[in-house]
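Engineer: Pasting a predicted model and its sequence here:
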Amino acid sequence: MTRPETSSSDRQASVVDLDARALMDSLEDAVFIHDFQGRMFDINQAACTRLGYTREELLKQGLQAIDSPEFANQVPDRMAALRKTGKGLFESVHLCKNGKGIPVEVNARLIEFNGTTLVIGVSRDITERKLAEQEKTRIQSQLLHSSKLASIGTLAAGVAHEINNPLTIIRGQNEFIRESLILNEADPKMIQTLDKQEQAIGRIAGIVNSLRLYARNDNSTSEEVNIHQIIQETLSLVANIYKRAQIQIETQLRSINPTTAGNIGQMQQVILNLIVNAKDALEGRKSGGLIRLETEDVGTTAIVLRLSDNGCGMHPNQLQQIFNAFYTTKPPGKGTGLGLPISHSIITSMKGTIDVASEPGVGTVFTLTLPKLR
């Protein structure tokens, strides 16, 4: 080796001899040799190939040109740590000439060259590792969410049972008092008060019934469920209501074999829940409200149902919670927060999945994927 000079053209050929050059260029990992100020003294061919620069360009630009801004700010601290320990292992993101970022792990060591201390950094592309870590995090999040839903289901079953028993007694006593007041020709206002109380009891009973359905492990006999037929029957129930609300409903039922196994009543409840949610999301629109239901086949094994609206949409923090029991984006008294958790439970019991995508001010899309009946 010969002593490095200050010019990049001299540095390019001076740090390593021909044998070392051949060894460096045979490596798949990128190798950078630089000083503590980030000036490049040498690089191997893998570094040039990965980043899309020529050797001359990299030698001229230096270390700061390849580190993304968030990691470039950490370079001084890393250099200081290297001076103390003589080695280091850290992650960064290297920027290609075309602007693409590549996550890397850099193994750095200090080397002495003719009285000058330099840094040799071996940079390994860890894109696949990062993707695997992201997938692992996603799966762990799904498992945690499923565990929470299961725990809430167990709690819901107990709560529903404990509430339903005294509620039955209250409802019976309320009816007895009402009949007595009518027989004794009591003040109509008292009867009206009891009627309001009965409405409140009915609302509680409805919530309890929803809780029981959410918590239930339905072991009823599975039957053939025709998704197209259920969509058409459900829409016939709500068509006039939605027409008065100036909401247009479109269907594109493209599935050739739209049958799955499950419970017809439960599947109808899922579709009705999603349609009602879509209608509520469109309440702020004076006109142009649209709900679209689409089906398509995924090969011969699955059927996909998408229900979309052009309503108010949801923020990311809302999306993370919509399948949690009792969470609702609706005004107080309008939603129980059980429709979507129940729908999730039903679709899961049918060995399917339900996913959601939404953007504030644009709308929401629910995607149901169900196994076909074979």
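Structural biologist: Arrived safely, thanks for sending.

Engineer: Show me the helices in the protein, by range?
Structural biologist: In the chain, the helices defined using DSSP state H lie at 8-14, 18-26, 45-51, 55-61, 69-72, 75-85, 127-183, 188-215, 227-244, 264-281, 316-319, 339-349.

Engineer: In CSV, list those helices along with mean neighbour count.
Structural biologist: C-beta: built from backbone N, CA, C; applies to glycine. Shown next, in CSV, are the helices of the chain (neighbours: other CB atoms under 10 Å):
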stretch, mean neighbour count
helix 8-14, 16
helix 18-26, 12
helix 45-51, 18
helix 55-61, 17
helix 69-72, 14
helix 75-85, 13
helix 127-183, 13
helix 188-215, 15
helix 227-244, 15
helix 264-281, 20
helix 316-319, 12
helix 339-349, 22
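
Engineer: Would you mind giving those as TSV with distance to A357 and mean pLDDT added?
Structural biologist: Listed next are these as TSV, based on distance: least, CB to CB, whole Å; pLDDT from 0 to 100:
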stretch	distance to A357	mean pLDDT
helix 8-14	49	49
helix 18-26	46	79
helix 45-51	34	93
helix 55-61	41	89
helix 69-72	28	84
helix 75-85	39	88
helix 127-183	15	78
helix 188-215	24	75
helix 227-244	20	83
helix 264-281	13	86
helix 316-319	8	84
helix 339-349	14	86
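
Engineer: Adding distance to D297 as columns, could you present the ones you listed in a markdown table?
Structural biologist: Converted to a markdown table, the helices of the chain look like this (distance: least, CB to CB, whole Å):
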| stretch | distance to D297 |
| --- | --- |
| helix 8-14 | 59 |
| helix 18-26 | 50 |
| helix 45-51 | 42 |
| helix 55-61 | 51 |
| helix 69-72 | 44 |
| helix 75-85 | 53 |
| helix 127-183 | 25 |
| helix 188-215 | 29 |
| helix 227-244 | 11 |
| helix 264-281 | 18 |
| helix 316-319 | 27 |
| helix 339-349 | 18 |
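
Engineer: Go through those and name the closest to R306.
Structural biologist: Of all the helices of the chain, the one in closest proximity to R306, counting by CB to CB, is helix 264-281 (10.1 Å).

Engineer: Are there helices or strands packed against that closest one, and which ones?
Structural biologist: The elements that helix 264-281 packs onto, with contact taken as 3 or more CB pairs under 8 Å, 6 or more residues apart in numbering; DSSP states H and E, are strand 223-226, helix 227-244, strand 289-298, strand 302-309, helix 339-349, strand 363-371.
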